[in-house]
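J.: Next comes the sequence, and after it the predicted model I'd like to discuss.
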Amino acid sequence: MSASSSDLSTYPRPSLAVDAAVLTVPPDRPLSIVLIEDAHGRRLPGTFVHERERLEDAVRRGLAAKTGIEGVELEQLHVFDAPDRDDRGWVMSVAYLAVAPWPAIRPLTLVVPVAERGALAFDHDQIVERALLTIRQNYRERPDPYRLIAEPFTMRQLHDLHQQVAGEMLMRDSFRRAMSPYLRETGDLAIGTVGKPARRFIHR
């Protein structure tokens, strides 16, 4: 191998960024996303990766600095590498998904329903759409894979959560049949519910 081909400094290099789509379901509100607002407009919280920094460490650093969110589980979504995605220059972004229960989100954080977010800066709408595909697919397969509601819960509470995530109405009977194999009854009833007392469940 020639000296020139082994010298990485001879190759053009893009800047590397990380962006996080943080989804949550606030009380009595639809599926929502954490955003920040700056000179570029509304966008996802993100940051540039430092030299020799791991991607996940960069995501956590950016979230803590820009939103105060810490300790959430992260899932790598996709690499967004369109050469013209950022008007500041050649910037590739590795997008991450975090789905967090409402108590993990700081009250001062900008949280808006995903359907009302408006146009986001850069290609962040594409990141949000990828995040929505992922979370909705996961909720089609399991009752509450991201533990957005605390155990024990009623079937109605779980059904309401799934409707918020799906962004549409779900048939109650079909939903119950699909989710029941993954749940176990606690043997006690919810107190203070409207109508007859409701059975409560935990995950198997």
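T.: Yep, that arrived. Residues are numbered from 1 along each chain as shown.

J.: So what sits opposite L16 in the bridge?
T.: L16 forms beta bridges with M92, as assigned by DSSP bridges.

J.: Relative to T134, how far out is it?
T.: 22 Å (CB to CB, to the nearest Å). To be clear about C-beta, it is placed using only N, CA and C from the backbone, and glycine gets the same treatment.

J.: Local confidence estimate at the closest residue to I191 other than its chain neighbours?
T.: Counting by CB to CB, 6 or more residues apart in numbering, I191 lies nearest to P197, which is 7.3 Å off, once chain neighbours are set aside. The model reports P197 with a pLDDT of 82.

J.: what about P197, neighbour count?
T.: Look at P197: counted by other CB atoms under 10 Å, it has 12 neighbours.

J.: what stretches of the protein score poorly on pLDDT?
T.: 1-5, 107, 192-195 (pLDDT under 70).

J.: Now do the SS call for A131.
T.: When classified by DSSP: H, G, I helix; E, B strand; the rest coil, A131 comes out as helix.

J.: and it, how many neighbours?
T.: 25.

J.: care to break the chain down by domain?
T.: Under automatic domain parsing, the residue ranges defining each domain of the chain are 14-141, 153-203.

J.: burial measure for W102, as a count.
T.: Neighbour count for W102, taken as other CB under 10 Å: 15.

J.: One more: the one 4 residues further on?
T.: A count of neighbours around R106, defined by other CB under 10 Å, yields 12.
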